[in-house]
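# sequence and computational prediction follow.
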Amino acid sequence: MQEHDHIVRELLRIKAVQIKTDGYFTWTSGIQSPIYCDNRLTMSYPEVRKQITTSFIKRMNDLQIKPDMIAGCATAGIPHAAWLADELNLPMIYVRSKPKGHGKGNQIEGELESGKQVLVIEDLISTGGSSIEAAQAIEKNGGKVCSVFAIFTYGLATAETAFTEAGFSHHTITGFDQLVNALLLDKEITENEKQKLLKWREDLGKINSRFNS
């Protein structure tokens, strides 16, 4: 079994990813979705989080990415960044969605040295907006983002475009395509249901494209 297939099955097993083909979840944005992804649940499963860390390291080695430090996107990316930084014995920072409204007003917590190569860790990529904003904050403060890594992606075309336009590379362990293929192979969904899920993803991409244009 390939790495991305194994991880997506683990996410399904612990219900970090859930599918409803006959009823939709409601995201915070109000979007109706047949899929709900909550990778925060991986924190409670040591064997799963270790597999994710191992997968991040393997992806780094395959791509020959050699960061000087690891950055976590608040909040769900922070624990995975911490486990990865610990395994690699590298410094770590984390990036808030916006600067604090009190104290020193930091957006980046931890010590970011100018010119350092930073690998950004996120739990989930949908449109890519939050990951890109974190990467931009790092570069604004003197760091050099070598890539953005995430556990799961919806595979939206708008995210691909957003990362390209922002000038950042991004890579994920697994994603929506691996999810629907695994569900079909395991006979959890039918071919017709798979096509409906793919159509939902395509339609969502069009909505986000109009919203971001």
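Here it is on my side, so go on.

# and the helix or strand of the chain with the lowest mean pLDDT, how far out from the chain middle?
The weakest-scoring helix or strand in the chain, judged by mean pLDDT, DSSP states H and E, is helix 191-212 (a mean of 78). How far helix 191-212 lies from its chain's middle: 19 Å, per C-alpha atoms, centre = their mean, to the nearest Å.

# let's verify Lys15: helix, strand, or coil?
coil (DSSP: H, G, I helix; E, B strand; the rest coil).

# now Ser126: closest residue in space that isn't a chain neighbour?
Closest residue to Ser126 apart from its sequence neighbours, by C-beta to C-beta, 6 or more residues apart in numbering: Tyr154 at 5.2 Å. For glycine as for every other residue, the C-beta is placed from the backbone atoms N, C-alpha and C.

# okay, that neighbour and Met60: tell me how far apart.
Look at Tyr154 and Met60: by C-beta to C-beta, to the nearest Å, they are 23 Å apart.

# those two: who's more crowded?
Remark: of Tyr154 and Met60, Tyr154 carries more neighbours, 24 against 19, as counted by other C-beta atoms under 10 Å.

# who touches the more buried one in this structure?
Tyr154 makes contact with Ile35, Ile125, Ser126, Gly175, Phe176, Arg201, Leu204, according to C-beta atoms under 8 Å, 6 or more residues apart in numbering.

# pretty sure the third one sits against Phe152.
This points to Ser126. No. In this structure Ser126 lies outside contact range of Phe152 using C-beta atoms under 8 Å: 9.5 Å.

# who's more crowded, the two?
A side-by-side neighbour count of Ser126 and Phe152, using other C-beta under 10 Å, places Phe152 first with 26 against 22.

# packing partners for the host helix or strand of the more buried one?
Taking DSSP states H and E as the definition, one finds Phe152 inside strand 144-153. Under the contact criterion of 3 or more C-beta pairs under 8 Å, 6 or more residues apart in numbering; DSSP states H and E, strand 144-153 touches helix 3-13, helix 46-63, strand 117-125, helix 129-140, strand 170-175.
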